[in-house]
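*Asks:* Here is a sequence together with a model predicted from it:
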Amino acid sequence: MADREVLSSALMDLTKGKEKSRMKVAKKFSSASTKAKREVILRGLKSKDHKVRRTTLALIGEMQDSQFIDEVTKGLKDRYTDVIQMAVWSIGRLKWKKALPDLIHLVKKGYGFKVIKTVVWAFGEIGDKSVIPILREMLEDASARLSEGILVCGIKLGHDAFVELIQSLNCDLPSVQSALRDASFASGQIRGAFIRAVTKTKDTNVLKSLLNALPYVTLHDADYKRLLDDKREVVRIAVYQSISNSALPKAIKQSYLVKKALSDESNKIVMAALENLLPYVDESVVVKRNIESVANHHPSPKVRDLANGLLEQHEKYQQVGRLVPKWGHFLLETLPGLERFVGMETDILGIEFEKGKTGNGWMKIKLGENDSSLEDLKKLHTVARICGVVSITNDVAGTKINPFIEEIISDVRAETFSFEQAKIDNNTFELMTTIAEREMVRPSRKLRATSLDWRVARAMVLCSNPKTDDVFVDPTCGSGTLLLDRMMIGPYEKLVGGDRDSEAIETAKRNLQGVNNVQLYQWDAASMKLENESVTVIAANLPFGRRVGSHEGNVDLYPSLLKEIMRVLRGNGRVVLLTQEVKLLLDTIKPFKRKVVVELDQPVEMGGLTPHIICLRKKSEPPLHTAN
């Protein structure tokens, strides 16, 4: 009797969040009598409260107790998806092969991302290669996040399974290229598997499939150095293509292409490097000089001709680039989901132009004689770069060429040069970069791996409705980007930032050096060193539970953080949060629905993820009425 009461109490404490450690509770269950454990587990699985059922399934998985496998399998038919997800997780922990048909059924029924992601993880844990065909089907239209899970699953199933999945990819599709780029960036396992596969594979057809994918795989600097030692020309060509497409700093990419690729013994590699270096000719005197050197001194006439042709093409391209802005038609590049904030920012900064259509991360504008200048547009934090319009093609009206380049555009097209394209509604725009990202006005800052994109930071600050009396707090400040952006947009009373990571605080101190009225603390965000109702704005980039933190950690963090935010926030104060864990956050807000209003829930596409900016306003407490 005592055992049952203790276990029941532990189960409820874990469900309600009073106990944070699932492992600790699982150990308590494992050490209890078989009879008491079974009785409490079965009662938990039959509970009317789905949270209790979910927690019970989590404990079974934590204990890896196969006596409950039949009950776990029944959990796959629960009406709540979070219970189904935990049943899948428990099956994975138990490595229960007999449940594979049930898991495949979940995939075919089209459950949401979290369930399917967990199914893929369970496939890998169970380790049965019979699931490879279903994984191949899933890869055809998988998001970057799901692609990452599928490829990691393939790694668990063995080298041959991973290679088979890569062979199934159609790398001509932009969606596949993007998914590969983001999945490999996020997963060291995928990067390592690619390197092993490329270096070990001798089969020509298999190698061809791997090298078709390699240009879209993001590797680290050391990985590239290792692969460039490969004696096979086809491998080195694919590696240099990957370097060109990668998120490495431009200086490092240029260094690889100039110092190594241009001096490679293979003419094919030198020619590929020349074409990949063309976009950098404007930016770097060193790049231009090296191409000129190849044009004058390379032993191969074919290589020299290509280098000279590229230099001539560049001169024509520059001529077009000088003329394109005269038309006054531009596209401003932001992120999909942030288009509306570009307009908000221009209004606040007093930047004037004719606003056109928006979509797919772009805003069309026209600058007239009495409007703001291109120099003014450089101040926009919501904009990554400014592109001049070469032509506009409409499904109905046909194509309209920029009148300032009509006479020379055919010569440029004859050089097989293709302009960048963007689509807004039924309009297709050909573009040239007029103001590159490096030319945009930004405060200097030292970056960390999780530093927030300026465009997202400015959108979040705009959501806070900035006022001169703001006490602006970022409880998870990292390197301090949100605080820097709030400083840039206008006057405030005080900026406060905190983070549990001491290195993050040191980085924030360097980034905010010289900024007035700023305080930084090393703290737990759920226990801020602030007085009750002392803050007007809370803004935070919360752990997504993917690259930073974990879902289970967020289940604990979000409720305690929101409770603390409600404590320190004044009436009518605003909370602006960025998270990938949207459902979890909205569920966490529900107990506070009498105190807060959700003013905005805006998805943003960034780096293969789609987090949401969620803006809350705390209601003012009505004044107390006193008797006369």
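*Replies:* Thanks, I have it. Numbers count the residues shown, from 1 in each chain.

*Asks:* Name the residues that touch stretch 172-185?
*Replies:* 141-145, 147-148, 151, 169-171, 190-191, 194, 213, 216-219, 245, 247, 607-609 (CB atoms under 8 Å, 6 or more residues apart in numbering). Heads up, the C-betas are built off the backbone N, CA and C, glycines and all.

*Asks:* In helices, which of the residues you listed appear?
*Replies:* Among the contacts of stretch 172-185, the residues falling in helices (DSSP state H) are 144-145, 147-148, 151, 190-191, 194, 213, 245.

*Asks:* State the pair within those residues that is farthest apart.
*Replies:* The span of the ones in helices among the contacts of stretch 172-185, defined through CB to CB, is set by Arg145 and Asn245 at 19.8 Å.

*Asks:* got any ranges where the stretch 401-550 of the chain has weak pLDDT?
*Replies:* Low-confidence segments of the stretch 401-550 of the chain, defined by pLDDT under 70: 411-417, 447-450, 544-550.

*Asks:* change it to 80
*Replies:* For the stretch 401-550 of the chain, the stretches flagged by pLDDT under 80 are 407-418, 443-451, 543-550.

*Asks:* now the helices for it?
*Replies:* In the stretch 401-550 of the chain, the helices defined using DSSP state H, counting those that start in this stretch lie at 406-414, 454-463, 481-489, 502-511.

*Asks:* okay, the ones you listed in TSV with mean neighbour count and distance to Arg445 next?
*Replies:* Below are the helices of the stretch 401-550 of the chain laid out as TSV (neighbours: other CB atoms under 10 Å; distance: least, CB to CB, whole Å):
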stretch	mean neighbour count	distance to Arg445
helix 406-414	13	38
helix 454-463	26	9
helix 481-489	23	6
helix 502-511	18	4
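
*Asks:* Please convert those helices to CSV, extending it with distance to Val131.
*Replies:* Formatted as CSV, those follow (distance: least, CB to CB, whole Å):
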stretch, distance to Val131
helix 406-414, 48
helix 454-463, 37
helix 481-489, 41
helix 502-511, 40
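
*Asks:* Name the nearest residue to Ala261, ignoring sequence neighbours.
*Replies:* Leaving aside its sequence neighbours, Ala261 sits nearest to Ala273 (CB to CB, 6 or more residues apart in numbering; 3.4 Å).

*Asks:* State the helix or strand in which that neighbour lies.
*Replies:* Element membership for Ala273, per DSSP states H and E: helix 267-277.

*Asks:* Now distance to Pro336 and neighbour count too, for the ones in helices among the contacts of stretch 172-185, in a markdown table please.
*Replies:* As requested, the ones in helices among the contacts of stretch 172-185 are exported to a markdown table (distance: CB to CB, whole Å; neighbours: other CB atoms under 10 Å):
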| residue | distance to Pro336 | neighbour count |
| --- | --- | --- |
| Ala144 | 14 | 21 |
| Arg145 | 16 | 19 |
| Ser147 | 19 | 29 |
| Glu148 | 20 | 25 |
| Leu151 | 24 | 26 |
| Ile190 | 25 | 24 |
| Arg191 | 27 | 18 |
| Phe194 | 28 | 26 |
| Ala213 | 25 | 21 |
| Asn245 | 20 | 18 |
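
*Asks:* Could you dump these into TSV with distance to Lys288 and pLDDT added?
*Replies:* Listed next are those as TSV, based on distance: CB to CB, whole Å; pLDDT from 0 to 100:
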residue	distance to Lys288	pLDDT
Ala144	35	74
Arg145	40	77
Ser147	38	86
Glu148	39	85
Leu151	39	91
Ile190	36	89
Arg191	33	90
Phe194	33	90
Ala213	32	91
Asn245	22	84
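
*Asks:* hmm, back to that, got the contact list for the residue nearest to Ala261?
*Replies:* 240, 257-258, 261-262, 264.

*Asks:* show me what contacts the nearest residue to Phe123 once chain neighbours are set aside?
*Replies:* Distances taken as CB to CB, 6+ apart put Val131 closest to Phe123, at 4.6 Å, once the chain neighbours are dropped. Val131 is in contact with 100, 104, 123, 153, 157, counting by CB under 8 Å, 6+ apart.

*Asks:* Out of the helices of the stretch 401-550 of the chain, flag the one nearest Arg574.
*Replies:* Nearest to Arg574 among these is helix 454-463 (7.2 Å), distances taken as CB to CB.

*Asks:* domains for the protein, by residue range?
*Replies:* Residue ranges for the domains of the chain, per automatic domain parsing: 63-247, 267-323, 328-439, 454-618.

*Asks:* Ok, which of those domains comes nearest Thr15?
*Replies:* Proximity to Thr15 (CB to CB) singles out domain 454-618 among those, at 10.9 Å.

*Asks:* where along the stretch 201-350 of the chain do the helices fall?
*Replies:* Along the stretch 201-350 of the chain, the segments classed as helices by DSSP H, counting those that start in this stretch run 204-213, 221-227, 233-245, 250-255, 267-277, 285-297, 301-323, 339-349.

*Asks:* any chance of these in CSV, plus distance to Val396?
*Replies:* Formatted as CSV, the helices of the stretch 201-350 of the chain follow (distance: least, CB to CB, whole Å):
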stretch, distance to Val396
helix 204-213, 38
helix 221-227, 47
helix 233-245, 35
helix 250-255, 40
helix 267-277, 36
helix 285-297, 42
helix 301-323, 27
helix 339-349, 23
